[in-house]
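**Student:** Quick one, what's the 3D model for this:
(chains A and B)
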Amino acid sequence: MSEAQKPAVRELPYVMAINEGIREVLREQEDAFIAGEDVAIAGSVYGYCAGLLDEFGEDRVVDTPISEKGIMGLGVGASATGCRPIIDLMFMDFIGECMDEIANQMAKMRFMFGGKATLPVTVLTMGGAGGSLAAQHSQSLEAWLAHLPGMKVCMPSDAYDAKGMIISACRDDNPVFVVLNKASLAMTMEVPEGPYEVPLGEACVRRQGSNLTIVAFGRMVHEAMAAADQLKDLGIDAEVIDARSVQPFDTETVVKSIKKTHRALVIHEAVKFGGIGGEITAQIQEEAFDYLDAPVMRVAAPFSPVPFSPALEQVYIPNADSIIAKVKETLEL
Amino acid sequence: MLAAKKKPAAKKTPAKKKAAPKAKKAAAKAKKAPAKKAPARKAKGPSEKTLKELHLKMVRIRRFEESAGKMMEDGKIPGALHLYVGQEAVAAGVMQHLSNQDWITSTHRGHGHLVAKGGEFKPMFAELFGRATGYCKGKGGSMHISSMDLGMLGANGIVGGGPPIAMGAAFSNKFRRNKNVAVAFFGDGASNEGSVHEAANMAALYKLPCIFVCENNGYGEYTAQSRHQAIVDVADRAAGYGMPGVICDGMDVMAVYEAAGEAIERARKGGGPTLLECKTYRYYDHVGVRGMGLNYRTDEEIEAWKKKDAIEGFEKRLKQLGVMTEKQIKTVHAAVEKDVDEAIEFANESPYPEADTLLDNVYNEKGA
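**Tutor:** Sure thing, here's the model as predicted:
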């Protein structure tokens, strides 16, 4: 962990780190509120809004109808007029219900108005597969969002980043999507008490290595780390970069690593075709072509909706094994 | 003086059995709306000052739009232009009650709303011309023209795009405990968008100071109301949201002024939202001046509505009431014309945005 440690540090699951992140924001920003489906009385379906209603009251912890256009519009209108809303979109898959408010209003309003509107709105949403929630509750659609000028998108891979990125997102004066991962909710790690930031747009080198750079997003960082451990036995010393932000993307950190390792592999949970990995791969060849000893590789989900059956879902989601297989194939091991 | 029938909140509205009428029938209905008695609430009508301001607002909108149409035909205005001519009474009557601290969201047909909200001609024409001196520095154009300083949260290129934003602005007002309101303008076409439905439900649920003003001009783009919804009065839907639904003659600025005043006052006092439907008509086509030559309405229908012209009718009334003379009215028109001419000259002489401003304002950079 590159960030300075704070004195009071506890083991905390990802889900509670989200809770603390929201809590810190509501404590420090009097214009902030959180609104979404089931966030107040129920404390959110994932439990990360537990206790917020008691601490901050009904004005600032707001249950909404199941109306994603309305909820996202609430975020647009309230942020443009002086509030700092946190909008909770239960599943990332639901962006289809409110894509106009996201793409045509939220992301573009500042530009369309010649810079005269400011929209400090943060959207928390849950992506990722792994729970047999099937095709409409398991997607990784970050590429849809990263394609929108005006939007920032981050994907915290662990509890420390989840808390810090929520705080950074809410302190930012732009629309920011914090894409959380539902398969990581119970994952614990040391998290400091009190507020701290994890900067948006800065990748983090999770593991130093010398002959392969693995760039991973969200939960895939953990698969990449597991793969790197096993690759070591094969004599491959992989560097693992947690991209952390999708938009803006930290090209510099990735290019710097490739200049050292000369090989790159990009991993994400979203389908490969049109996924963010294609963009990263293109950026690498634009910026570091002469340093590459091999084509840039990608490991991502196949071009298929997320399946329901655990037997199929296991095959669908990239993991350490599929990463290792891809590395072996490319390096002809 | 007041228009209209008011539909009580949450009261069951019996399903209407009558067939969807032709637009002409709607016109006749709207005509007979502003009859009846004055509201009990107000013993006397608005002041002479208010009447003159309403008149000025409408004249300013009409002259702006007529000239904008001309400028488009002359090739000065790129892109699409949706003219508000015919609907002036709605923007004027509603905006008369609002200050710069009150928010509005507008539509693709948005110039009239900005003019009535206090928009100045120079930055407006400059924006339409795509110049750096425009309200949005040439980045928004007709469909995104806005002024945060005037409380105008933008025209909107998406039908139904405004109401959720207005609801959010109203939430903001309530959250910060001020007495300001937010008004969402939208059309009969937009009333079929899910976004409008969601915004209305949430505004009623949270009792927000939000007024939903439906400018029912009888057409969603090129499709008559009877061909896009089974109801005649959009205000009927108010009962389904649990808010009052009010219908007024959108060609009568006094009717709009009275009905909007009541709704806005209720909102300011914490009484929640209202759906105010104004029956009105646009003289020009959905887009542009001469339109696309599509055959979707008759000349007779247009002429019938023009006989109820909001400005002509109101000027007649002002003269009858002795508020303004014909000469004074002509002076107002001449002064507005002069403003228009000066603004067009300003826009014409204004520079285009520099190429290096393209990427400005995509994000709010810290310290920028």
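**Student:** going forward, measure contacts and count neighbours with C-alpha atoms only.
**Tutor:** Fine.
**Student:** How many residues are close by the residue in the stretch 201-350 of chain B positioned nearest to chain A?
**Tutor:** As assessed by C-alpha to the nearest C-alpha, chain A sits closest to B:Met202 within the stretch 201-350 of chain B, at 7.1 Å. For B:Met202, the neighbour count with other C-alpha atoms under 10 Å in any protein chain shown is 24.
**Student:** how about the residues of the stretch 51-200 of chain A that lie near chain B?
**Tutor:** Those residues of the stretch 51-200 of chain A that sit near chain B, judged by C-alpha under 8 Å from any C-alpha of the partner chain, are A:59, A:64-65, A:67, A:69-70, A:72-83, A:100-101, A:104-105, A:108, A:110-118, A:149-151, A:173-174.
**Student:** which of those count as buried?
**Tutor:** Buried members of those, scored by 16 or more other C-alpha atoms under 10 Å in any protein chain shown, are A:64, A:67, A:69-70, A:72-83, A:100-101, A:104-105, A:108, A:110-118, A:149-151, A:173-174.
**Student:** how about the strands in the stretch 51-200 of chain A?
**Tutor:** With DSSP state E, counting those that start in this stretch as the criterion, the stretch 51-200 of chain A has strands at A:61-63, A:84-89, A:122-127, A:152-154, A:176-181, A:188-192.
**Student:** so can I have a markdown table of the ones you listed showing mean pLDDT, distance to A:Asp54 and mean neighbour count?
**Tutor:** Conversion of the strands of the stretch 51-200 of chain A to a markdown table gives the following (pLDDT from 0 to 100; distance: least, C-alpha to C-alpha, whole Å; neighbours: other C-alpha atoms under 10 Å in any protein chain shown):
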| stretch | mean pLDDT | distance to A:Asp54 | mean neighbour count |
| --- | --- | --- | --- |
| strand A:61-63 | 98 | 9 | 23 |
| strand A:84-89 | 98 | 17 | 27 |
| strand A:122-127 | 98 | 20 | 25 |
| strand A:152-154 | 98 | 29 | 27 |
| strand A:176-181 | 98 | 24 | 28 |
| strand A:188-192 | 97 | 23 | 19 |
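**Student:** Between those, which one is closest to B:Lys52.
**Tutor:** Closest to B:Lys52 of the strands of the stretch 51-200 of chain A is strand A:84-89 (C-alpha to C-alpha; 40.2 Å).
**Student:** what comes into contact with that closest one?
**Tutor:** A:29, A:31-37, A:39, A:68, A:71-72, A:75, A:78-79, A:95, A:119-126, A:170 (C-alpha atoms under 8 Å, 6 or more residues apart in numbering or on different chains).
**Student:** How about stretch B:188-197?
**Tutor:** Stretch B:188-197 is contacted from outside by A:69-70, B:159-161, B:163-164, B:214-221, B:225, B:228-229, B:234, using C-alpha under 8 Å, 6+ apart.
**Student:** make it 6 Å
**Tutor:** Contact with stretch B:188-197 is made by A:Lys69, B:Val159, B:Gly160, B:Pro163, B:Asn216, B:Gly220, as judged by C-alpha atoms under 6 Å, 6 or more residues apart in numbering or on different chains.
**Student:** Endpoint to endpoint, that stretch covers what distance?
**Tutor:** The stretch stretch B:188-197 measures 13 Å between its terminal residues, going by C-alpha to C-alpha, to the nearest Å.
**Student:** just stretch B:221-236 next, same as before
**Tutor:** Distance across stretch B:221-236, first residue to last, is 22 Å (C-alpha to C-alpha).
**Student:** repeat for stretch A:298-308
**Tutor:** When the termini of stretch A:298-308 are compared using C-alpha to C-alpha, they are 24 Å apart.
**Student:** what do you get for stretch A:53-72?
**Tutor:** Using C-alpha to C-alpha, one end of stretch A:53-72 lies 20 Å from the other.
**Student:** Average pLDDT for stretch A:252-262, rounded please.
**Tutor:** For stretch A:252-262, mean pLDDT is 97.
**Student:** residue boundaries of the helices in the stretch 101-250 of chain B?
**Tutor:** Using DSSP state H, counting those that start in this stretch, the helices of the stretch 101-250 of chain B run over B:111-116, B:121-128, B:162-175, B:194-205, B:225-228, B:238-241.
**Student:** what does the stretch 101-250 of chain A give?
**Tutor:** Using DSSP H, counting those that start in this stretch, the helices of the stretch 101-250 of chain A run over A:109-112, A:142-146, A:159-171, A:220-233.
**Student:** Show me the one of the ones you listed that comes nearest A:Leu331.
**Tutor:** helix A:220-233 (11.6 Å).
**Student:** contacting residues around that closest one?
**Tutor:** Contacts with helix A:220-233, where a contact means C-alpha under 6 Å, 6+ apart, come from A:Ala238, A:Asp242, A:Asn319, A:Ala320, A:Ile324.
**Student:** Tell me which two of these sit farthest apart.
**Tutor:** It's A:Asp242 and A:Ile324 that sit farthest apart of the contacts of helix A:220-233, by C-alpha to C-alpha, at 17.5 Å.
**Student:** So for the two, which residue has more residues nearby?
**Tutor:** Legend: neighbour count by other C-alpha under 10 Å for A:Asp242 and A:Ile324, higher for A:Asp242 (26 against 19).
**Student:** how about residue 169, what does it touch?
**Tutor:** Let's take chain A. The contact partners of A:Ala169, by C-alpha under 6 Å, 6+ apart, come to A:Val176.
**Student:** Hmm, no, I was thinking of chain B.
**Tutor:** By C-alpha under 6 Å, 6+ apart, the neighbours of B:Ala169 are A:Gly77, A:Ala78, A:Thr81.
**Student:** The same query, at a cut-off of 8 Å, please.
**Tutor:** A:Leu74, A:Gly77, A:Ala78, A:Ala80, A:Thr81, B:Trp103, B:Ala182.
**Student:** quick check, nearest of those residues to A:Arg23?
**Tutor:** Nearest to A:Arg23, judged by C-alpha to C-alpha, of those is A:Ala78 at 19.5 Å.
**Student:** what's the offset of stretch B:259-276 from the middle of its chain?
**Tutor:** Between the centre of stretch B:259-276 and the centre of its chain there are 16 Å (C-alpha atoms, centre = their mean, to the nearest Å).
**Student:** Send me it as PDB with only the CA atoms.
**Tutor:** Output of stretch B:259-276 as PDB, limited to C-alpha atoms (Å, rounded to 0.1, in the frame of the first residue of the first chain):
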ATOM      1  CA  ALA B 259     -53.000  29.600 -12.600                       C
ATOM      2  CA  ALA B 260     -49.200  29.600 -12.400                       C
ATOM      3  CA  GLY B 261     -49.300  32.200  -9.600                       C
ATOM      4  CA  GLU B 262     -51.500  29.900  -7.500                       C
ATOM      5  CA  ALA B 263     -49.300  26.800  -8.200                       C
ATOM      6  CA  ILE B 264     -46.100  28.700  -7.500                       C
ATOM      7  CA  GLU B 265     -47.400  30.200  -4.300                       C
ATOM      8  CA  ARG B 266     -48.600  26.800  -3.100                       C
ATOM      9  CA  ALA B 267     -45.100  25.400  -3.800                       C
ATOM     10  CA  ARG B 268     -43.300  28.200  -2.000                       C
ATOM     11  CA  LYS B 269     -45.500  27.500   1.100                       C
ATOM     12  CA  GLY B 270     -44.600  23.900   1.200                       C
ATOM     13  CA  GLY B 271     -47.700  22.600  -0.500                       C
ATOM     14  CA  GLY B 272     -45.900  20.500  -3.100                       C
ATOM     15  CA  PRO B 273     -46.000  20.300  -6.800                       C
ATOM     16  CA  THR B 274     -48.700  21.000  -9.400                       C
ATOM     17  CA  LEU B 275     -49.200  19.900 -12.900                       C
ATOM     18  CA  LEU B 276     -50.300  22.900 -14.900                       C
END
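**Student:** So what's the residue count around B:Gly75?
**Tutor:** The number of residues near B:Gly75, taken as other C-alpha under 10 Å, comes to 11.
**Student:** That one looks like it's in a helix, true?
**Tutor:** No. Under DSSP: H, G, I helix; E, B strand; the rest coil, B:Gly75 sits outside any helix and is assigned coil.
**Student:** Against chain A, how distant is it?
**Tutor:** B:Gly75 sits 22 Å away from chain A, going by C-alpha to the nearest C-alpha, to the nearest Å.
**Student:** Show the pLDDT at that residue.
**Tutor:** In this model, B:Gly75 carries a pLDDT of 94.
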